[in-house]
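*Asks:* build me a structure from this.
(2 chains)
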Amino acid sequence: MEHTLDAQRSISADNAIVIKGLRKSFNKLTVLNGIDLCVKRGTVLALLGPNGAGKTTTIRILSTLLLPDSGHAVIHGFDVVREANKVRSLIGLTGQYAAVDEYLTGEENLLMIGRLYRLSHQDIKRRTQKLLELFDLMESSDRPVKTYSGGMRRRLDLAVSLIAAPPIIFLDEPTTGLDPRSRLIMWDIIEQLVAAGTTILLTTQDMDEADRLADKIIVIDGGKIIAEGTSDELKQQVGSERLEITIAEASSFEKAKRVAYDAGLYLDGKTRTLSLAATKGGGVHQLKQVLSRLDEAGVDVENVSFHRPTLDDVFLTLTGHRTEQQPNIEIEKQKVQK
Amino acid sequence: MTTPTFVTSVQTEKRSKVFWAFSDSWVLAKRSIKHITRNLDQLFSIGLFPIMFFLLFNYVFGGAINTGDLSYINYLVPGILVQMLAFGSNYTTLNLAIDLQRGIVDRFRSLPMARSALLVGHVSADLFRNTISGLIVLGVSFLLGFQPVAGPVEWILVLCLAALFSFAISWLSAIMGLLVKSMEAAQWTGFIIIFPLTFVSSAFVPTDTMPEALQIFAENQPLTQVIEAIRGWLVGSPIGDSGWLGFAWCVGIIVVSMPVATWLFRRQALR
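*Replies:* Predicted structure coming up:
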């Protein structure tokens, strides 16, 4: 027993979170089927996956809300099952639904949770004022939360989980359902937290979010890790970003085909598109060349568009099935080309 | 916004476990009490219910009910008092179910706080609510001609038993709140358990006109004991064994339901 604890602590010297062989089933439904992962201190790990992939279950186990069937999860050297109370004073949790009290004011919410984290009254007051300022909630601090907008609630929810300045924060789909502006504000705050040295584990369904915030991305599906790496590494597995040129209906297909052939590109006869890799610098240069050659050949261009791999592409490539999002016409097109 | 402001050293206070158990319960009791004072609907029903029951029973049914030497209003006051305490204590079921449906219970569970504090918070709020509705009941009853004969000792006994009874029903309600799966269910469980208990009792009518089976139940169930005890102390009706039986029932309910509710709450936490 002591021996394994020591081993766990030494593994977690650099790692804020270590998970080994985590499994969880509800009745007969397997939700986590052996998850292993590490999160280095001061970094952001994004768990990317569709609904029901096991993202929230992982977070619930890590935040001591749920017992795993088997496997270990260790946070700063403390086991989430055996040393749950030590873990609880190290973590902040922001769930999918803003977990704040509707009838209390924003300020009262912060004061209440601060005391439940067992901070001193002085610290609670100081932190509350600071967080209200930082999250732009000062003006509404004495209004009941039920009068807040969705974006304000999420901001308050995150502020509440930061009241004790925990070194580790779990964000379960922090921007799902937020309008674009609120979403950017949340991203900005999260980036500042990371800059200040906080370790973050976040779940998301959104490739852009993972892309912008995460140092490392783990893709899970059906309770298993199906890919991991940096955002660039994952995109390489999936296919790189591409630029597409669509030839106008009226122009000569043959002429366009010759230009494409000379540039070493393939012109798709059905969609009348030319596709080229959007590598940094080179892609734009090639695009210019191709466009001017088409122009010289008298071929009209209808449209130039930029395509980046989406979460759906990742899933199509890695698992052969799509996420449960609504069908995306853009992706349908790309599939036809492949 | 500057970056270093997020991470500052904060001190957690070093105190005993017992201190924190009380502190956490107090923090959550304050929360639940604020819910009462900020939710006008709840406050409204606390005031309205006793007045309606008084008017209904005293003026509509009262004339047809024979309570012997006692005037009907003197008979009725202890009954309505206990009924209101039982209804008031049932809010724990609803408020716990509401908390469980929202994300806030997850937040509480992820904190290093005492596990039972949330339950204690709701139960304490019931006590606060019942104090208000108890005062309203007594206020209205004096307007309608209630004439108690209780001395200081009897009033203190009434107060203690009323508080203990409120506490007992709240813990029982906590169990229901933890077992129900939806808010709708939370509303009707209280109704099907508390409602028959208050009506099949000596709250509004003497039990001796009831059919035999009902009478046996009515005379031996905890609410009747509590009502008879309070009635005896307030207006001097024969009290029998009801005094100590009332206390015994309440203590018994608390001793059983408090650990069961806490156990259910922990078990739910790890579902």
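*Asks:* please make it C-alpha for all contacts and neighbour counts, starting now.
*Replies:* Noted.
*Asks:* grab the most central residue of chain A for me.
*Replies:* A:Ala210 (3.3 Å; C-alpha atoms, centre = their mean).
*Asks:* ok but it is inside a helix, no?
*Replies:* Yes. Assigned with DSSP: H, G, I helix; E, B strand; the rest coil, A:Ala210 falls within a helix.
*Asks:* which one is it nearest to, not counting chain neighbours?
*Replies:* Here the nearest residue to A:Ala210 in space, its sequence neighbours aside, is A:Ala46; by C-alpha to C-alpha, 6 or more residues apart in numbering or on different chains that works out to 5.7 Å.
*Asks:* what about the one you found, which SS state?
*Replies:* strand.
*Asks:* mind listing what it touches?
*Replies:* For A:Ala46, the set of contacting residues under the criterion of C-alpha atoms under 8 Å, 6 or more residues apart in numbering or on different chains consists of A:Leu201, A:Leu202, A:Thr203, A:Thr204, A:Ala210, A:Leu213, A:Ala214, A:Asp215, A:Lys216, A:Ile217, A:Ile218.
*Asks:* name the nearest of those relative to B:Phe217.
*Replies:* Out of the contacts of A:Ala46, the one with the shortest distance to B:Phe217 is A:Thr203. That distance is 56.2 Å, counting by C-alpha to C-alpha.
*Asks:* got a pLDDT number for residue 177?
*Replies:* I'll assume chain A. The per-residue pLDDT reported for A:Gly177 equals 79.
*Asks:* not quite, go with chain B.
*Replies:* For B:Gly177, the pLDDT comes out at 90.
*Asks:* tell me, how many residues neighbour it?
*Replies:* Neighbours of B:Gly177 under the rule other C-alpha atoms under 10 Å in any protein chain shown: 30.
*Asks:* do B:Ala125 as well
*Replies:* Considering only other C-alpha under 10 Å, B:Ala125 is surrounded by 26 other residues.
*Asks:* ok, the closest residue to it other than its chain neighbours - contacts?
*Replies:* The spatial neighbour of B:Ala125 that comes closest, neighbours along the chain excluded (C-alpha to C-alpha, 6+ apart), is B:Ile33 at 5.1 Å. Residues in contact with B:Ile33 (C-alpha under 8 Å, 6+ apart) are B:Ala125, B:Phe128, B:Arg129.
*Asks:* name the element the residue nearest to B:Asp99 when sequence neighbours are not counted belongs to?
*Replies:* The shortest distance from B:Asp99 to any residue that is not its chain neighbour, by C-alpha to C-alpha, 6+ apart, is 6.0 Å, and that residue is B:Val105. With the criterion set as DSSP states H and E, the secondary-structure element containing B:Val105 is helix B:104-109.
*Asks:* next helix or strand past that helix?
*Replies:* Sequence-wise, the next helix or strand beyond helix B:104-109 is helix B:117-143, with elements assigned using DSSP H and E.
*Asks:* circling back to that earlier point, what pLDDT does the residue nearest to B:Asp99 get?
*Replies:* Note for B:Val105: predicted pLDDT of 87.
*Asks:* what does stretch A:264-275 rub up against?
*Replies:* Contacts with stretch A:264-275, where a contact means C-alpha under 8 Å, 6+ apart, come from A:242-248, A:253, A:256-257, A:260, A:276, A:337.
*Asks:* state the mean pLDDT of stretch B:189-199.
*Replies:* On average, stretch B:189-199 scores 84.
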